[in-house]
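Student: Predicted structure and sequence below. I'll ask about it afterward.
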Amino acid sequence: MTIFAPSKPAKRTAYTPSNALVPEILAGIIPAVSRMISRAEAGYSEASEALAQIYRHTGKAHIVGITGVPGAGKSTLVSSLIKAFASEGNKVGVVAVDPSSPFSGGAILGDRVRMSDAAASCGAFVRSMATRGHLGGLARATLQAVDVLDAAGYSPILVETVGVGQDEVEVVTAAHTIVVLSAPGLGDDIQAIKAGILEIADIHAVSKSDRPEAAAMVAALRGMMGLGAGKANSIWTPPVLAVSSVSGERLGDLKDAIVKHRAHLEASGELAGRQRNISKTRILATARHLFQHKFDEKADELERHIQAVVNREIDPSAAASLLLGWKGEGTRP
Amino acid sequence: MTRAGMTDQKAKTEIEASAPGSIRVLVAKLGLDGHDRGAKVVARILRDAGMEVVYTGLYKSPDEVVGAAIQEDVDVIGVSLLSGSHVPLFRELGRCLREQKAEHIFVVAGGVIPERDYAALWESGVDAIVPQEARADLIVTTIRDLIIARGRI
């Protein structure tokens, strides 16, 4: 039997309207920042006006995506990067994404285990976020959280994706600089020339360089670069850096490479293109989300269409047109 | 579905109505207490009940835990203590919560806590104590009851 505290006053704090949080966020007050992120995550309609105000104050931060396979060492690396950036007086923000359970909706957010020392000693803001069913490596509200941190004056903002496979490259439309972290001993040079995650890197990092297999991984990645990889229309050649959070080896170089990439984006004019890309993806992703919401409201109609498709009365494409309210079964406008 | 499972579902729906989004819990280990098997089991139980659980790792100070709880905007701090130093550590945790104006966060204590220390813990601001012999679902209902009573913030 649980024992509750005797006769405690209810811990009911008044609900602070989201608009009232905005000035506090712009002043960098931490509880306001974290509360607004929660509301963005929960999708409170009450918060949408405040988020719109916040958005007008964004665009100053350098957003850095950190991605890689599960267990590559992303959180440990982020922890080291927090220290490296903070030591130069930067106010570092972190959004670390971990997966939600597809069954219960719950999540264990363990990224903080590796980061709490850095967060406490460096004045960094670290927020763990569950995907809540969103695929692609980020959560639906990750970029809104980044907006809030940006408006609160954090830069750089490190976005750590969930442990990804070969194809979760959503972070590329979220960040200015992408660091792909590879772990040694996870495959040969064929893995390195496959399409997908490795192609999106602005900077390649190989973790655990204190291990003997790391050199082979670096060689495989360099080999891939030698075949003319890297993004089209860019003069930037992604460096390959073997780092070790145990010994601290080359972590400073990685930090410098991130800073250098930002300078390159600004000098070459590529930054504008990336900003456009980020904006475009956000609009489309939000539109898709709103659409999805509409379908949730049409559950009964959907149920009828499902039965009709199961009975072979109409085909799935016609049912989709009906669901969208387009006239004429099976025809697209 | 079992009877217990159905009430479980009902409680969950009620919470979603009063506070959209997930319940967030910070599971913390305070001080020099290196045994976190229990904390990990609790984290897993809460995950399976649909909550989002942030785990701090071992050897945290009360100040660090409160700082993390504020950044993560959790509803509850769950502390498992087996070291016998619960009285001073919860006192310090309560002090940090007051100092950082985070008293809206519930504190739930678990682990090895003898009854004679309960009064000291209430005084420190602990909201509920889940004794070590408690069943898994009791931890879940304890947290849900606290959140339902509070409403959304």
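Tutor: It's in. Keep in mind that what you see is a predicted model, and the values were worked out from it rather than measured.

Student: now the helices for the chain?
Tutor: Let's take chain A. With helices called from DSSP state H, chain A shows them at A:18-26, A:30-42, A:48-55, A:74-86, A:111-122, A:142-151, A:189-193, A:214-226, A:251-268, A:270-297, A:299-310, A:316-323.

Student: look at chain B instead
Tutor: B:3-18, B:37-48, B:62-72, B:86-99, B:118-124, B:136-150.

Student: Could you dump the ones you listed into JSON lines and include mean pLDDT and distance to chain A?
Tutor: C-betas here are computed from N, CA, C, even on glycine. Formatted as JSON lines, those follow (pLDDT from 0 to 100; distance: least, Cβ to the nearest Cβ, whole Å):
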{"stretch": "helix B:3-18", "mean pLDDT": "47", "distance to chain A": "9"}
{"stretch": "helix B:37-48", "mean pLDDT": "89", "distance to chain A": "4"}
{"stretch": "helix B:62-72", "mean pLDDT": "93", "distance to chain A": "5"}
{"stretch": "helix B:86-99", "mean pLDDT": "92", "distance to chain A": "11"}
{"stretch": "helix B:118-124", "mean pLDDT": "91", "distance to chain A": "5"}
{"stretch": "helix B:136-150", "mean pLDDT": "87", "distance to chain A": "4"}
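
Student: Out of those, which one sits most buried?
Tutor: Looking across those with neighbours counted as mean count of other Cβ atoms under 10 Å in any protein chain shown, the highest average goes to helix B:62-72: a mean of 23.

Student: Next one: A:Met129 from A:Gln292, what distance?
Tutor: A:Met129 sits 19 Å away from A:Gln292 when distances are taken as Cβ to Cβ, to the nearest Å.

Student: Between those two, which has more neighbouring residues?
Tutor: A:Met129 (27 against 9; other Cβ atoms under 10 Å in any protein chain shown).

Student: Which residues does the more buried one form beta bridges with?
Tutor: Taking DSSP bridges as the rule, A:Met129 bridges to A:Val97.

Student: just checking, A:Ala18 touches A:Met36?
Tutor: Not Ala; residue A:18 is Ser. Yes - with contact defined as Cβ atoms under 8 Å, A:Ser18 and A:Met36 form a contacting pair (6.7 Å).

Student: which residues are common contacts for the two?
Tutor: Between them, A:Ser18 and A:Met36 share these contacting residues under Cβ atoms under 8 Å, 6 or more residues apart in numbering or on different chains: A:47, A:50-51.

Student: Out of those residues, which is nearest to B:Gly94?
Tutor: Closest approach to B:Gly94 among the shared contacts of A:Ser18 and A:Met36 (Cβ to Cβ): A:Ala47, at 30.5 Å.

Student: Return the residues in contact with the closest one.
Tutor: Counted by Cβ under 8 Å, 6+ apart, A:Ala47 has contacts A:18, A:36, A:39-40.

Student: hmm, 6 Å instead?
Tutor: Contact analysis of A:Ala47 by Cβ atoms under 6 Å, 6 or more residues apart in numbering or on different chains lists A:18, A:39.

Student: next one: the one 3 residues further on
Tutor: The neighbours of A:Ala50, taking Cβ under 6 Å, 6+ apart as the test, are A:18-19, A:22.

Student: Same question for A:Ile63.
Tutor: Residues near A:Ile63 by Cβ under 6 Å, 6+ apart: A:146, A:157, A:175-176.

Student: Of those residues, which is the most crowded?
Tutor: Neighbour counts for the contacts of A:Ile63 peak at A:Ala175, which has 27 neighbours (criterion: other Cβ under 10 Å).

Student: Not counting sequence-adjacent ones, nearest residue to B:Lys40?
Tutor: Nearest non-adjacent residue to B:Lys40, counting by Cβ to Cβ, 6 or more residues apart in numbering or on different chains: B:Tyr55, 7.4 Å away.

Student: actually A:Val146, not the one I wrote
Tutor: Nearest residue to A:Val146, sequence neighbours excluded (Cβ to Cβ, 6+ apart): A:Ile157, at 5.4 Å.

Student: Extract the residue ranges of the stretch 101-250 of chain A that are flagged as low pLDDT.
Tutor: A:166-168, A:187-196, A:227-233 (pLDDT under 70).

Student: got the contact list for the residue positioned nearest the centre of chain B?
Tutor: Central residue of chain B (Cα atoms, centre = their mean): B:Gly78, 2.3 Å from the mean position. B:Gly78 makes contact with B:25, B:27, B:108 under the criterion Cβ under 6 Å, 6+ apart.

Student: same thing with A:Glu213?
Tutor: A:184-185.

Student: any idea how far chain B is from it?
Tutor: 27 Å (Cβ to the nearest Cβ, to the nearest Å).

Student: how close does that residue sit to A:Ala219?
Tutor: Distance, A:Glu213 to A:Ala219, using Cβ to Cβ: 11 Å.

Student: same check, this time on A:Val33
Tutor: Applying Cβ to Cβ, the value for A:Val33 to A:Ala219 is 43 Å.

Student: out of the two, which sits in the more crowded spot?
Tutor: A:Val33 (28 against 14).

Student: which residues does the nearest residue to the more buried one once chain neighbours are set aside contact?
Tutor: Nearest non-adjacent residue to A:Val33, counting by Cβ to Cβ, 6+ apart: A:Ala152, 5.0 Å away. Residues near A:Ala152 by Cβ under 6 Å, 6+ apart: A:25, A:28, A:33.

Student: which one in the residues you listed is the model shakiest on?
Tutor: Ranked by pLDDT, the contacts of A:Ala152 bottom out at A:Gly28 (93).

Student: Surely that one is in contact with A:Tyr154?
Tutor: No - using Cβ atoms under 6 Å, A:Gly28 is not in contact with A:Tyr154, being 8.2 Å away.
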